[in-house]
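Undergrad: okay, here's the prediction I keep looking at, along with the sequence it came from:
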Amino acid sequence: MAFELIDLPYDDTALEPAVSAKTLSFHHGKHHKAYIDKTNAAIDGTDLQGKSLEEVVAAARGSNPGLFNNSAQSWNHGFYWHSMAAEETSASDELKSMIDDAFGSVDALKEKLAERGAGHFASGWVWLAIKDGKLSIEETHDGDTLADQSGANPLLVIDLWEHAYYLDHQNARPAYLDAVNGKLNWSFASENLARGTTWKYPA
Ligand code: MN3
């Protein structure tokens with residue numbers, strides 16, 4: 001069975017003005033769809049067909065750059081859509097106390113995410129993750145992902161590619177990061193923390 005482009009968990013207009021309907025429709029309907037289509041084309045007729053997306057990413061890492069980039073980007077975008085929410089969400093007590101211990105407060109964590117995201121050179125992703133049992137801000141370059149990295153459990157991610165923000169904020173990545181920081185889905189992060197294992201792309 002082929003991988004499917006998952007639906008956005010909200011309406012196109014739900015994240016405005018942080019992320020406009022126009023950006024979402026291109027980002028989801030064109031960019032994410034292209035990654036999914038290219039992943040499906042690359043695994044068609046191979047022994048990777050029928051594997052989970054996380055297994056495809058792991059198998060392609062280091063051996064098949066084209067498939068790795070497209071499968072990792074397929075996963076990253078699915079995770080990114082869920083990392084934002086239309087309504088205000090809040091962290092579980094467990095997550096809140098870990099954030100307080102590691103960063104001092106949720107606002108301080110948001111500042112750190114914005115700082116790391118703004119400082120990241122060129123395309124990539126900035127993540128809040130559990131690594132070695134502790135909260136950590138991680139960066140990956142281009143299509144690289146935490147999907148298949150045992151020892152790192154991603155809780156949230158922000159897309160740093162220009163296609164994520166250029167229509168709305170032009171070159172002002174910090175303005176995008178500030179806006180998206182207000183849309184982060186702390187319920188999703190709390191679920192990922194409580195599960196203790198990496199989120200799975202819907203089969
Ligand atoms: Mn993107």
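TA: Good, I have the coordinates.

Undergrad: so which residue is dead centre in the chain?
TA: Relative to the mean C-alpha position of the chain, the nearest C-alpha, by C-alpha atoms, centre = their mean, is the one of Tyr80, at 3.2 Å.

Undergrad: dump the residue contacts of that one.
TA: In this structure, Tyr80 makes contact with 125, 157-159, judged by C-beta atoms under 8 Å, 6 or more residues apart in numbering. All C-beta spots, glycine's among them, are computed from the backbone N, C-alpha and C.

Undergrad: now do the contacts for the residue nearest to Asn64 when sequence neighbours are not counted.
TA: If you skip the residues right next to it in sequence, Asn64 has Ala42 as its closest partner in space, 7.7 Å away by C-beta to C-beta, 6 or more residues apart in numbering. Counting by C-beta under 8 Å, 6+ apart, Ala42 makes contact with 64, 66-67, 70-71.

Undergrad: for His31, phi and psi?
TA: Geometry field for His31 lists phi and psi as phi -70, psi -60, criterion degrees, to the nearest 10.

Undergrad: quick check: it touching His77?
TA: Yes. Taking C-beta atoms under 8 Å as the definition, His31 is a contact partner of His77 at 7.2 Å.

Undergrad: out of the two, which sits in the more crowded spot?
TA: His77 (25 against 16; other C-beta atoms under 10 Å).

Undergrad: helix or strand right after the helix or strand encompassing that one?
TA: His77 is located in helix 65-82, with elements delineated by DSSP states H and E. Tracing the chain C-terminally past helix 65-82 and defining elements by DSSP H and E, one meets helix 93-103 next.

Undergrad: and the protein, which residues reach the ion?
TA: 159, 161 (C-beta under 5 Å from the ion).

Undergrad: so where do the helices sit in the chain?
TA: For the chain, the helices identified by DSSP state H occupy 21-26, 33-43, 53-60, 65-82, 93-103, 106-119, 166-169, 173-181, 186-195, in order along the chain.
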